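K.L.:
3D model of this:
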Amino acid sequence: MPEWAMVSDGRVHRNGLVDYSMGLGAIFLAPILETIFIFVPILELCRYCKVKTIWTILGFALFFELLHTQRGFWGHLILYPTMISMTVLYLSMRKKSFLHALLFTGAVHEFYNFTVVMASPMTYDKFFY
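P.N.:
This next block holds a predicted model:
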């Protein structure tokens, strides 16, 4: 709630402008692009090279979490388990098919970004200006 109060009273807005496209992009567009251009190439390469699953999960989750530079140290620490679960989701759905892995990971990633943005509007601060 404190973040919503800060956003509501205008301290986050710049020059009275509100650009909702950035937050919507974080919710709808980023998960699809990140799944296609980050998850797929790296995790498929790990599959092809037969990297141990545990190292693939821990390493990729750390790499992907560190790409999200808007978070501080504690944010990374708290959200790292979520990245582990999304990596596990991709790998487990990949056993069914590539399409399952792509669709399920993309959908869960979109839902995750939606909950993060709604829980803390300061996570993607450009959502509000």
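
K.L.:
As a check, name the ranges of all helices in this structure.
P.N.:
2-8, 21-24, 30-34, 40-48, 53-67, 73-94, 98-119 (DSSP state H).

K.L.:
The fifth one: how far from the chain's middle?
P.N.:
Centroid separation for helix 53-67 versus its chain: 13 Å, with C-alpha atoms, centre = their mean, to the nearest Å.

K.L.:
what's the average pLDDT for it?
P.N.:
Mean per-residue pLDDT for helix 53-67: 94.

K.L.:
Next, the buried residues of it.
P.N.:
56-57, 60-61, 64-65 (16 or more other C-beta atoms under 10 Å). To be clear about C-beta, it is placed using only N, CA and C from the backbone, and glycine gets the same treatment.

K.L.:
by contact count, what packs against it?
P.N.:
For helix 53-67, the packing partners by 3 or more C-beta pairs under 8 Å, 6 or more residues apart in numbering; DSSP states H and E come out as helix 40-48, helix 73-94.

K.L.:
What pLDDT is listed against residue 26?
P.N.:
75.

K.L.:
Return the distance of it relative to residue 77.
P.N.:
21 Å (C-beta to C-beta, to the nearest Å).
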